[in-house]
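Q: return atomic coordinates for the entry below.
(one chain, ligands or ions: 1)
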Amino acid sequence: MRFPTVLVVGAGQMGGGIAQVIAGSGRHVLLHDPFPGATDRALVTIEKSLTRLAEKGGAEPSAVLARIEAVSEIAPADLLIEAITEDEAVKVDLFARADALLPPGAVLASNTSSIPIATLAAATQRPESVVGMHFFNPVPLMALVEVIRAPTTAPETAAAIVELTRELGKEPVETLDKAGFVANRILMPFINEAVWALSEGVATAEAIDTVAKLGFAHPMGPLALADLIGLDTCVAIMRVLERGLGSDRYAPCPLLETHVAAGRLGRKSGAGFYDYNP
Ligand code: NAD
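A: I've put the predicted structure just below:
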């Protein structure tokens, strides 16, 4: 098996889901997040998700959980999958530190939604082994993974991640390293435009989401989806698109930024465009 031990850094909504599917493939997962309580919370969420999936015929939760080990430091592994906050400086710092600690030959992958893989690769001494592996939320349910190749990524590195994606039961789509790759280049301007429509009073949040669900056959509306992604992450991605594609038409709608400043980050904080507290 390629990548028998995988280090997942960042135990938020994406890192927890990634740890779950990698462990589900029979691999040993090391889960690292320095923020107090983060890995404990992730393990509780993973157990709940595995229990729901087991009711529909999924794997025995305890067998998958037994393959996930919370670690307090960056620990040696064959593959790192980084799923920390969407902030370039924070990710660059992590890639530089991980490069120094991981064994030669280990691959460093980022689950970034938008930050150039080339920038993360440049922070390491192994740019040929740095690649994008962009999962979708919720990870255990969503079939797509974008595999992003920077100009410096070796073809064998991308090929190994494509193969791993298939082993996880997911569908890889290969993309070049342009801001937002494919998914967020299309999705985020759509979400941002929905926020503009809301802020201009064109319709209520519920009505805007109903238009997308009934008019475009989307399973959820753009404002509910923004809440699921996290409004802080949406703002960060729009800023990367704005810079990377060189146009202020990608600037985040001020209402998005107002919500973030008020701590309304979406589901993960209990409120965003909708309220989630009981
Ligand atoms: P999140 O806020 O739920 O979790 C981020 C986690 O990173 C937190 O647990 C935090 O403690 C941890 N963290 C922050 N700095 C760290 C560091 N230096 N070292 C280790 N851990 C650190 O965010 P998320 O939604 O899980 O997003 C994580 C990444 O995944 C981002 O790059 C985001 O763009 C990407 N992503 C998000 C979605 C989505 O729908 N939310 C989808 C695809 C990709």
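Q: you'd agree residue 7 is in a strand?
A: Yes. With DSSP: H, G, I helix; E, B strand; the rest coil as the criterion, residue 7 is part of a strand.
Q: isn't it right up against residue 80?
A: Yes. Contact criterion CB atoms under 8 Å: residue 7 and residue 80 qualify, at 4.8 Å. Backbone N, C-alpha and C define where each C-beta goes, glycine included.
Q: near the ligand, which residues of this structure show up?
A: 9-15, 33-35, 38, 83-86, 90, 94, 111-113, 134-137, 229-230, 233, 268 (CB under 6 Å from any ligand atom).
Q: now those: which count as buried?
A: Neighbour-count burial within those applies to 9-15, 33, 38, 83-84, 86, 94, 111-113, 134-137, 229-230, 233, 268; the criterion is 16 or more other CB atoms under 10 Å.
Q: among these, which are in helices?
A: 13-15, 38, 94, 229, 233 (DSSP state H).
Q: among these, which two are most distant?
A: 94 and 229 (20.9 Å; CB to CB).
Q: find the nearest non-adjacent residue to the residue in the stretch 151-278 of the chain positioned nearest to the ligand, please.
A: Closest to the ligand within the stretch 151-278 of the chain is residue 229: 3.7 Å, counting by CB to the nearest ligand atom. Setting aside the residues directly before and after it, residue 229 is nearest to residue 137 in space (CB to CB, 6 or more residues apart in numbering), at 6.3 Å.
Q: phi and psi next, for the one you found.
A: Dihedral pair for residue 137: phi -100, psi 130, per degrees, to the nearest 10.
Q: that one reaches residue 13, doesn't it?
A: Yes. Applying CB under 8 Å, one finds residue 137 in contact with residue 13, separated by 6.4 Å.
Q: perfect, I'm done here.
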